[in-house]
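K.L.:
sequence isn't available, so here's the structure alone:
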């Protein structure tokens, strides 16, 4: 006596919540309007499907009416789907199928391939119930393919479970267990307790068929525990019925009767006809085993009556009609697709024929052209030689133009740098002069005149240096050998009017130009103005790769967070508020020499600017 446990994982997602959650949603229903109300009605209908299918249908019909009123397609398609689910639980398979097909049409209309796939799974459940296993398996595999395409784990798990049900029905238990196990793994990852309980139940069925009743009971009890936890009455009734079946096998008939009666009570409460008929047949078989044939006949008669109420002639005809309509529409779509494929093939053949004709024309033209080329070959040779010579000349001219443009770009960079140096350094000098003049006018101190004269001389010297650089660029000369120590000493002496101790050690010759003095002038000014240093040490060292100059001061130092920005054009820091060109000019000048500049912290305080010059060949 082998029968299937007649409840399973459906193709729609069901989220069961506590009565508190349902009460909360019903309270919200009183204050929301329009699409928000539709969404809550649909959500409530899902919660009630395994508690009270009639409630599911009631709320779904309200949602459907409002969705059509507000032309809310998402709400309408969900409401149609939920009505189908509610009728499924009431075993009204013809009505359920009718609403599933309506929902499917809208999913196709709004081009929701994933939603259409979920409805196909629900339709597959009906075919399974109608014992059309081949059709159900076809639909489940189609749905599984789409769900994998969208990486919908829950949809994949449902399809795997339902495919497992088909193989179980066909008594291919190894294949069924393989799909149930895959589904169980996915459901455990997703944490969907409702569907997880169904997976456990179905695995229990497999072990029941394999006559491993201890293992089967273990999975049934796990399923029952979860169903109790989420108050899934349909699941609880199914689990009780299955556990009762185990006790029949173990010949503990009193226990099996207790479980069957409790299961029947719940099934009648939620009007689950499919469960009721299966419990009746289980009672009939139990009493047959006990050789109480009178009761066995009574329950078989009840089973037959419920079964006939589910599969009436009228409902069977409606299901057949809807199936025919669906198959016809599907066939029409396939025919339309076939017509398009044939048209594409026809166009492809025409294209190939046109291409062939074109090749013939091109071949004839090529032969003619080859003849013309051959007859004029000798005269063309001379023309080609002349053209080659012209091309060589043009290429040479282009090369010269590129070199000139490159030189021009370098000159532009130098001119830009000169302008920046003049604007920056002379502005600083004029600022000092202006301050000295104000102090002189106020205090009349003659010593300030020397400072004014020094900064005027310094500005004139800078202008003369820039004129030298301009002459240097105009003559297309490159950098020259410069005594680094002399340049630094000259710059240091120009700061005699500042209370600053500048020490210079070491000596070297580097490749540079007249802008070199601006580099050290800006570094010294930076230490005085921004670092508030009163001591600067400049150390010249010859290295294997060139010359290194370390300009160290005992000022305030430079915060780490701005070190990367110091050499950017226009960047400023500190209290002085001058335009930030000094260090930018230092960087650009060193770049033009093929050198580099970077910063380190001095110890115990201050900053070290490190200049690297290319090795003098």
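P.N.:
Structure's in. What do you need? Note that the structure is predicted; figures quoted are calculated from it, not measured. Numbers count the residues shown, from 1 in each chain.
K.L.:
please identify the helix or strand for the residue positioned nearest the centre of the chain.
P.N.:
Centroid-nearest residue in the chain: residue 151, 13.7 Å away (criterion: Cα atoms, centre = their mean). Residue 151 is part of no helix or strand, with elements assigned from DSSP states H and E.
K.L.:
that one and residue 186: what is the separation?
P.N.:
Separation of residue 151 from residue 186 (Cβ to Cβ, to the nearest Å): 12 Å. (C-beta placed from N, C-alpha, C; glycine too.)
K.L.:
how about residue 29?
P.N.:
33 Å.
K.L.:
of the two, who's got more company?
P.N.:
Neighbours were counted for residue 29 and for residue 186 using other Cβ atoms under 10 Å; residue 186 has more, 21 against 16.
K.L.:
can you report how many residues neighbour the closest residue to the more buried one other than its chain neighbours?
P.N.:
Excluding the flanking residues, the one nearest residue 186 by Cβ to Cβ, 6 or more residues apart in numbering is residue 157, at 3.7 Å. Neighbour count for residue 157, taken as other Cβ under 10 Å: 26.
K.L.:
wait, residue 157 sits on residue 196?
P.N.:
No. With contact defined as Cβ atoms under 8 Å, residue 157 and residue 196 do not form a contacting pair (9.3 Å).
K.L.:
circling back to that earlier point, for the residue nearest to residue 186, give me its contacts.
P.N.:
182-183, 186-187, 190, 192, 195, 199 (Cβ atoms under 8 Å, 6 or more residues apart in numbering).
K.L.:
out of those, which is most surrounded?
P.N.:
Ranked by neighbour count (other Cβ under 10 Å), the contacts of residue 157 have residue 199 at the top, with 30 neighbours.
K.L.:
so where does that residue fall, helix or strand?
P.N.:
Short version, using DSSP H and E: residue 199 is in helix 193-209.
K.L.:
count the neighbours of residue 460 for me.
P.N.:
So residue 460, with other Cβ under 10 Å, has 12 neighbours.
K.L.:
do the same with residue 108
P.N.:
Residue 108: 15 surrounding residues under other Cβ under 10 Å.
K.L.:
same check, this time on residue 403
P.N.:
There are 10 residues near residue 403, going by other Cβ under 10 Å.
K.L.:
pLDDT wise, what is residue 260 at?
P.N.:
We have a pLDDT of 93 for residue 260.
K.L.:
how about it: what's its closest non-neighbour residue?
P.N.:
That would be residue 244: by Cβ to Cβ, 6+ apart, it lies 4.4 Å from residue 260.
K.L.:
tell me the predicted confidence for the one you found.
P.N.:
93.
K.L.:
and it, how many neighbours?
P.N.:
The burial count for residue 244: 26, using other Cβ under 10 Å.
K.L.:
isn't it up against residue 252?
P.N.:
No. Taking Cβ under 8 Å as the definition, residue 244 is not a contact partner of residue 252, at 9.7 Å.
K.L.:
what segments of the stretch 251-400 of the chain are helices?
P.N.:
Under the criterion DSSP state H, counting those that start in this stretch, the stretch 251-400 of the chain contains helices at 253-269, 273-289, 293-310, 313-375, 377-443.
K.L.:
tell me the one among the contacts of residue 157 nearest to residue 86.
P.N.:
The closest of the contacts of residue 157 to residue 86 turns out to be residue 195 (Cβ to Cβ; 18.1 Å).
K.L.:
any idea how far residue 156 is from the closest one?
P.N.:
Distance, residue 195 to residue 156, by Cβ to Cβ: 12 Å.
K.L.:
same question, residue 593
P.N.:
Distance of residue 593 to residue 156, computed by Cβ to Cβ: 66 Å.
K.L.:
equivalent analysis for residue 289, please.
P.N.:
Remark: distance between residue 289 and residue 156 (Cβ to Cβ) = 41 Å.
K.L.:
more crowded one of those two?
P.N.:
Legend: neighbour count by other Cβ under 10 Å for residue 289 and residue 156, higher for residue 156 (21 against 15).
K.L.:
quick one: secondary structure of the more buried one?
P.N.:
Of the three states, residue 156 takes helix according to DSSP: H, G, I helix; E, B strand; the rest coil.
K.L.:
weakest of the helices of the stretch 251-400 of the chain by average pLDDT?
P.N.:
Comparing mean pLDDT across those, the lowest value falls on helix 313-375: a mean of 63.
K.L.:
which stretches of the stretch 401-550 of the chain form strands?
P.N.:
For the stretch 401-550 of the chain, the strands defined by DSSP state E, counting those that start in this stretch occupy 480-483, 501-505, 509-512, 535-543, 546-553.
K.L.:
pull out the buried residues from the second one.
P.N.:
Residues 502, 504 are the ones in strand 501-505 that count as buried (16 or more other Cβ atoms under 10 Å).
K.L.:
quick check, distance from stretch 527-539 to the centre of its chain.
P.N.:
Counting by Cα atoms, centre = their mean, to the nearest Å, stretch 527-539 is centred 52 Å from the centre of its parent chain.
K.L.:
equivalent analysis for stretch 521-533, please.
P.N.:
50 Å.
K.L.:
list the buried residues for it?
P.N.:
Applying 16+ other Cβ under 10 Å to stretch 521-533 flags 521-531, 533 as buried.
K.L.:
quick revisit: got the phi/psi numbers for the residue nearest to the centre of the chain?
P.N.:
Dihedral angles of residue 151 (phi, psi; degrees, to the nearest 10) stand at phi 50, psi 40.
K.L.:
adjacent strands (with direction) for the helix or strand containing residue 610?
P.N.:
Per DSSP H and E: residue 610 is located in strand 607-614. Note on strand 607-614: by DSSP bridges, its sheet partners are strand 546-553 (antiparallel), strand 596-601 (antiparallel).
K.L.:
which residues touch residue 596?
P.N.:
So residue 596 contacts 590, 611-612 (Cβ under 8 Å, 6+ apart).
K.L.:
repeat that with 6 Å
P.N.:
Residues near residue 596 by Cβ atoms under 6 Å, 6 or more residues apart in numbering: 590, 612.
K.L.:
what bridges to it?
P.N.:
Beta bridges link residue 596 to residue 612, judged by DSSP bridges.
K.L.:
how close does it sit to residue 586?
P.N.:
Counting by Cβ to Cβ - residue 596 and residue 586 are separated by 11 Å.
K.L.:
quick one: closest of the strands of the stretch 401-550 of the chain to residue 440.
P.N.:
Across the strands of the stretch 401-550 of the chain, closest to residue 440 is strand 501-505 (Cβ to Cβ), at 25.3 Å.
K.L.:
check the offset of the closest one from the chain's centre.
P.N.:
With Cα atoms, centre = their mean, you get 59 Å for strand 501-505.
K.L.:
let me see the mean pLDDT of it.
P.N.:
Strand 501-505 comes out with an average pLDDT of 95.
K.L.:
returning to what we had before: other residues contacting the strand holding residue 610?
P.N.:
Residues contacting strand 607-614 (Cβ under 6 Å, 6+ apart): 510-511, 523, 546-553, 557-558, 594-598, 600, 602.
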